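In: Pasting the sequence and the predicted model now:
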Amino acid sequence: SVPEAADDPEEVSARAGQARAQGLQALGPAVKYDGGGSRLLAPILVEMRAPAASPAGQAQTRSALIYAWQGETRSWEPLAAQVASADGRIRAQAGSWAVFGAFCAAPAADSLGGVGKVFVFPNPARRNLTFHVESGLAEWVEIRVYALTGALVYATTLTGGPNLVDRGDGPRSAYEHIWSLGGAASGTYYYTISVKQGGITTRRAGKFALIR
């Protein structure tokens, strides 16, 4: 294994940006397992250490997980069957060479109106884009995407109830919607999310990149 810092700086920056977009807080530098170019014949054991506390002073060992960087989807995905020991080490098996990092959930965003974290992934997107909106039962969730010119590119409204979704920081009540990107061209786009609950509408906004 080699430190992630030895990798392409643009890739390192992209991985850090996607971690923030997914609401993940790094607990240390990521590590790249590449096997020196050898073929992987059996699952590898990945071991990382989580500090006893985050920079904010909150205990992290119990909520820390090892994530693997997925090159195709440009997103972080948690490894399965993880084991944490009393000394702060986390162990998990991986079925492929990858960049691995230890993360925990970042501090919760302002939950005014019952809406928690809102983000999209992967970012940048290539084939599909998933909108993630943490919320309790809402009357509706409206998604709008705009080009830099201000032109409306995509819009949809979600109704019904949220699902329990685990994006690495435990099950959360959330609405998720996958946009196939249609004929949208490469570029930077802005999105707005409006959630109506009990007569109160909460709005969030963000941006993402699309690469064709």
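Out: Structure's in. What do you need?

In: any idea which element Ala174 lies in?
Out: Assessed by DSSP states H and E, Ala174 sits inside strand 171-179.

In: Mean confidence (pLDDT) on that strand, please.
Out: Averaging pLDDT along strand 171-179 gives 90.

In: Paired strands for that strand, with orientation please.
Out: Note on strand 171-179: by DSSP bridges, its sheet partners are strand 129-135 (antiparallel), strand 163-166 (antiparallel).

In: Flag every buried residue along that strand.
Out: Residues of strand 171-179 classed as buried under the neighbour-count rule (16 or more other CB atoms under 10 Å) are Arg172, Ser173, Ala174, Tyr175, His177, Trp179. In this view, the C-beta of every residue, glycine as well, is placed from N, C-alpha and C.

In: In CSV, list these along with distance to Tyr146.
Out: Listed next are the buried residues of strand 171-179 as CSV, based on distance: CB to CB, whole Å:
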residue, distance to Tyr146
Arg172, 27
Ser173, 27
Ala174, 23
Tyr175, 20
His177, 16
Trp179, 13
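
In: any idea which of these is the one closest to Glu11?
Out: The closest of the buried residues of strand 171-179 to Glu11 turns out to be Trp179 (CB to CB; 24.9 Å).

In: residue contacts, the nearest residue to that closest one once chain neighbours are set aside?
Out: Closest residue to Trp179 apart from its sequence neighbours, by CB to CB, 6 or more residues apart in numbering: Leu129 at 4.9 Å. The contact partners of Leu129, by CB atoms under 8 Å, 6 or more residues apart in numbering, come to Val120, Phe121, Pro122, Asn123, Ile178, Trp179, Leu181, Phe208, Leu210.

In: Next up, phi/psi of the first one, please.
Out: The reference is to Val120. Backbone geometry at Val120, expressed as degrees, to the nearest 10, gives phi -120, psi 150.

In: Distance check, the residue nearest to Trp179 against Gln82.
Out: Distance of Leu129 to Gln82, computed by CB to CB, to the nearest Å: 28 Å.

In: Same check on Arg39?
Out: For Arg39, the distance to Gln82 equals 25 Å [CB to CB].
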